[in-house]
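Asks: Just to be clear, the model below is a prediction. Sequence and coordinates:
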Amino acid sequence: MQREAPTLAHVARLAAVSENTVSRVIRNKGPIAEETRKRVIEAIDSLGYVPNRAAGALASSSSLIIGVLLPSLSNIVFPEVLRGIHAALADTPYQAMIGVTDYDLLQEQKLLGSLLAWQPAAIVTTGFDHTDASRRMLEQSGIRIAELMDIDDRPIDIAVGLSHRGAGRESARHLVARGYRRIGYVGHDWSADRRAHFRYEGFRQGLQEAGLSPAAEFRFEGASSTMAGREALAQLLGRGGDVDAVVFSNDDMAVGGFMHCLGAGLAIPERLALFGFNGLDIGQALPRPLSTIRSNRFLIGRTAAEKLLEARERPAEPQIIDTGFEIVEGATA
């Protein structure tokens, strides 16, 4: 026989308090005596009671859900952002509800519709690219919205991240300052990664400021990966690319380039300098730590969640929060 699921009334009876008191403890609303809170929590644990968040949302026209839409959880960049979000929510009653879009804007639209049906307190998305329908849903929802990773556009509510054009420009300036003049570029498909395209535009601008242009370029027609970086650098050099340094679209690609150089007997950085983006641990674990730009991914996630919880109303003007980046000198450039 199936057992009856414990209810709010069961918890109230066991804790010897009113149902309203149990509800306030669960929602962390209003003054509650510490002894009373302890009894309610012990009753919840004893009964295995699970609060009905959906019912609470319908009753209050809001919920304790923060919807989070990320492009990927296999790319180490985004789990670090998620860690920052969870760190900010840890001591609050709010919980993250996560959806993965696989860099697909239509999938983001579908997941966004599902999340908004739960009447979340806020939504976190990645970047400024949305379908028209998604943008309308976000704008008309009236709830707080954070668009992460990028600040090179106007946000709906708040944007938290870094200037990717600025990062690309600094990569070129760094290499030029170190005496490199024949600087190439190796990247991946931009169709699903506009931020990589912005870094490329900044890279070209940085070269232009020094009176230079890319000495050679090759883009892999697919997603970034270590294998893609290895193949792409081999293709660029195999086509006679006369370069003394290469900027990669990210660290994954740069690590692959490093592996190609090892296999081909190309001394790094004496024969070829390599420069990445992201500041991933794998790049710093190479025999020669990768020269790169580190983005503050944990800080991006934590700052976004903290700012969303500061006020329930959107500000009169959209806000941009620059978490910055730093050059990691490494030993490959």
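Replies: Thanks, I have it. This is a predicted model, so every value here is computed, not measured.

Asks: how distant is stretch 240-252 from the center of its chain?
Replies: Centroid displacement of stretch 240-252 relative to its chain, using CA atoms, centre = their mean, to the nearest Å, is 25 Å.

Asks: meant to ask about stretch 150-165
Replies: 12 Å.

Asks: burial count for residue 211?
Replies: The criterion is other CB atoms under 10 Å. On that basis, residue 211 has 8 neighbouring residues. C-betas here are computed from N, CA, C, even on glycine.

Asks: what ranges do the helices span in this structure?
Replies: Counting by DSSP state H, the segments of the chain that form helices are 8-15, 19-27, 34-47, 53-60, 77-89, 105-116, 132-141, 164-177, 194-209, 226-238, 251-264, 281-284, 297-310.

Asks: among the ones you listed, which is nearest residue 71?
Replies: Nearest to residue 71 among the helices of the chain is helix 77-89; the distance by CB to CB comes to 6.5 Å.

Asks: packing partners for that closest one?
Replies: Contacting helix 77-89 under the criterion 3 or more CB pairs under 8 Å, 6 or more residues apart in numbering; DSSP states H and E are the following elements: strand 65-70, strand 95-100, helix 297-310.

Asks: Of all the ones you listed, which one comes closest to residue 256?
Replies: When these are ranked by distance to residue 256, counting by CB to CB, first place goes to helix 297-310 at 20.8 Å.

Asks: Can you give me the buried ones in that closest one?
Replies: If you call a residue buried by 16 or more other CB atoms under 10 Å, then helix 297-310 has these buried ones: 297-309.

Asks: quick one: which of those residues is nearest residue 123?
Replies: Closest approach between those and residue 123, by CB to CB: residue 308, at 8.8 Å.

Asks: quick one: contacts for residue 166?
Replies: The contact partners of residue 166, taken as CB atoms under 8 Å, 6 or more residues apart in numbering, are 202, 325.

Asks: repeat for residue 305
Replies: 66, 84-85, 87-89, 124, 146.

Asks: For it, give its distance to residue 219.
Replies: Distance, residue 305 to residue 219, using CB to CB, to the nearest Å: 35 Å.

Asks: Equivalent analysis for residue 288, please.
Replies: Relative to residue 219, residue 288 is positioned 25 Å away (criterion: CB to CB).

Asks: shaky segments in this protein?
Replies: 1-4, 51-62 (pLDDT under 70).

Asks: Give me the domain ranges for it.
Replies: Taking automatic domain parsing as the domain assignment, the ranges for the chain are 8-51, 63-163+297-325, 164-294.

Asks: And the ones you listed: which comes nearest residue 331?
Replies: Evaluated with CB to CB, the domains of the chain place domain 164-294 nearest to residue 331, the distance being 4.1 Å.

Asks: Endpoint to endpoint, the closest one covers what distance?
Replies: Domain 164-294 has an end-to-end distance of 12 Å (criterion: CA to CA, to the nearest Å).

Asks: Next, format the buried residues of helix 297-310 as TSV and append distance to residue 194.
Replies: Rendered in TSV, the data for these read as follows (distance: CB to CB, whole Å):
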residue	distance to residue 194
297	17
298	22
299	22
300	17
301	20
302	24
303	21
304	19
305	23
306	26
307	23
308	23
309	28
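
Asks: Can you say which two of those residues are spatially most distant?
Replies: Spatial extent of these (CB to CB) is set by the pair 297 and 309 at 19.5 Å.

Asks: And for the nearest residue to residue 297 once chain neighbours are set aside, the neighbour number?
Replies: For residue 297, ignoring the flanking residues on the chain, the nearest one in space by CB to CB, 6 or more residues apart in numbering is residue 80 at 4.0 Å. Around residue 80 there are 18 other residues, counting by other CB under 10 Å.

Asks: got it, and the one 3 residues further on?
Replies: The local packing of residue 83 (other CB under 10 Å) involves 14 other residues.

Asks: Alright, that wraps it up for me.
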